[in-house]
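A.B. asks: okay, sequence plus prediction incoming.
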Amino acid sequence: MKLNFTGFSDPGLIRSNNQDAYYIDPEGRFFIVADGMGGHAGGEEASRIATREIQGYLETNWQSAKSSPELLEQALWEANQAILQDQQNHPERADMGTTVVAVLFRASEQPWCAHVGDSRLYRFRKSQLEQLTEDHTWVARAIKIGDITQDEARIHPFRHVLSRCLGREDLNQIDVQQLDVKAGDRLLLCSDGLTEELVDQKIAASLQDSPAVDDKVALSLIEAAKEEGGHDNITVVLVELEGVGSRE
């Protein structure tokens, strides 16, 4: 499967530091976005550890007999354990944690996604933007059971309250799913610094206006989020599927 990809991260307009992290495998085998929390140093460290551990585990075990979902899920468990170990070694970072979303392209199969928290994966197909991940947040659950609406969720005081993240002893589930993609699709991995500022329709419009995935379209999404306030760190990774083939 031939891919075009790009990614950028920006601290936004309010925060002086960037607690987001991302990694793009140069061969296009996997993509990671993490959004840390837990204070100035803690958030940066948590997201850095997560991306480093996931990258390292996938690279080391790429040729193993593990299935793709097993490989991806275990990579996130390893990241969780590494953050917990760092918390023990550095008590001043005991409350740090991070969200993460990762996509893996392996062999000739459809790609897989794993995520924890509210960093998101979208698919853009034929002018339609669809969120493929489900946020692990209080408001997402409230929407699901009908307690609040989507519009209410955008301004709800609990909208940043996570029900799940890496860096917690009680983490008991990592969501893993196989993706339905085909030539012409675009995948967007992002931190909530993008989605807090831009509704899905605006994100879709930016992607629609761009003939191809390149640095320009990724930066335009970040600039659009900053124009709406840029209250948080903003990270965008874009992947475009040009054609179907084999990726080893």
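C.D. replies: Looks like it arrived, so ask away.
A.B. asks: for the residue nearest the centre of the chain, give its distance to V237.
C.D. replies: Geometric centre of the chain, nearest residue: V101, 3.4 Å, by C-alpha atoms, centre = their mean. As judged by C-beta to C-beta, to the nearest Å, V101 and V237 stand 9 Å apart. (Glycine included, C-beta is placed from N, CA and C.)
A.B. asks: between those two, which contacts overlap?
C.D. replies: Shared contacts of V101 and V237, defined by C-beta atoms under 8 Å, 6 or more residues apart in numbering, are found at 32-33, 189.
A.B. asks: kindly reformat those residues as a markdown table containing pLDDT, distance to Q150 and secondary structure.
C.D. replies: As requested, those are exported to a markdown table (pLDDT from 0 to 100; distance: C-beta to C-beta, whole Å; DSSP: H, G, I helix; E, B strand; the rest coil):
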| residue | pLDDT | distance to Q150 | secondary structure |
| --- | --- | --- | --- |
| I32 | 98 | 27 | strand |
| V33 | 98 | 22 | strand |
| L189 | 98 | 21 | strand |
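A.B. asks: return the member of the residues you listed nearest to I83.
C.D. replies: I32 (14.2 Å; C-beta to C-beta).
A.B. asks: surely that closest one meets R52?
C.D. replies: No. Shown here, I32 and R52 do not form a contact pair, counting by C-beta atoms under 8 Å, at 9.6 Å.
A.B. asks: which of the two has more neighbours?
C.D. replies: Set I32 next to R52 and count neighbours by other C-beta atoms under 10 Å: I32 wins out with 30 against 16.
A.B. asks: please report how far A107 lies from W62.
C.D. replies: 10 Å.
A.B. asks: I misspoke; the intended subject was V116.
C.D. replies: Distance from V116 to W62, by C-beta to C-beta: 22 Å.
A.B. asks: also L166?
C.D. replies: 21 Å.
A.B. asks: so where's the chain shaky on pLDDT?
C.D. replies: The model of the chain has pLDDT under 70 over residues 147, 152-153, 155-158, 243-248.
A.B. asks: can you rerun that using 90?
C.D. replies: 1, 38-41, 107-108, 137-161, 210-212, 242-248 (pLDDT under 90).
A.B. asks: so for V116 and W62, which sits in the more crowded spot?
C.D. replies: V116 (29 against 16).
A.B. asks: residue contacts, L198?
C.D. replies: So L198 contacts 221, 224-225, 228 (C-beta under 8 Å, 6+ apart).
A.B. asks: could you rerun that using 7 Å?
C.D. replies: 224-225, 228 (C-beta atoms under 7 Å, 6 or more residues apart in numbering).
A.B. asks: quick check: buried residues in the helix or strand containing E242?
C.D. replies: Secondary structure assignment for E242, by DSSP states H and E: strand 234-243. Going by neighbour count (16 or more other C-beta atoms under 10 Å), the buried part of strand 234-243 is 234-241.
A.B. asks: distance to P111 added to those, as a markdown table?
C.D. replies: Shown next, in a markdown table, are the buried residues of strand 234-243 (distance: C-beta to C-beta, whole Å):
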| residue | distance to P111 |
| --- | --- |
| I234 | 24 |
| T235 | 19 |
| V236 | 18 |
| V237 | 13 |
| L238 | 14 |
| V239 | 9 |
| E240 | 13 |
| L241 | 9 |
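A.B. asks: just those residues now: which is nearest I24?
C.D. replies: I24 has its nearest neighbour among the buried residues of strand 234-243 in V237, at 6.3 Å by C-beta to C-beta.
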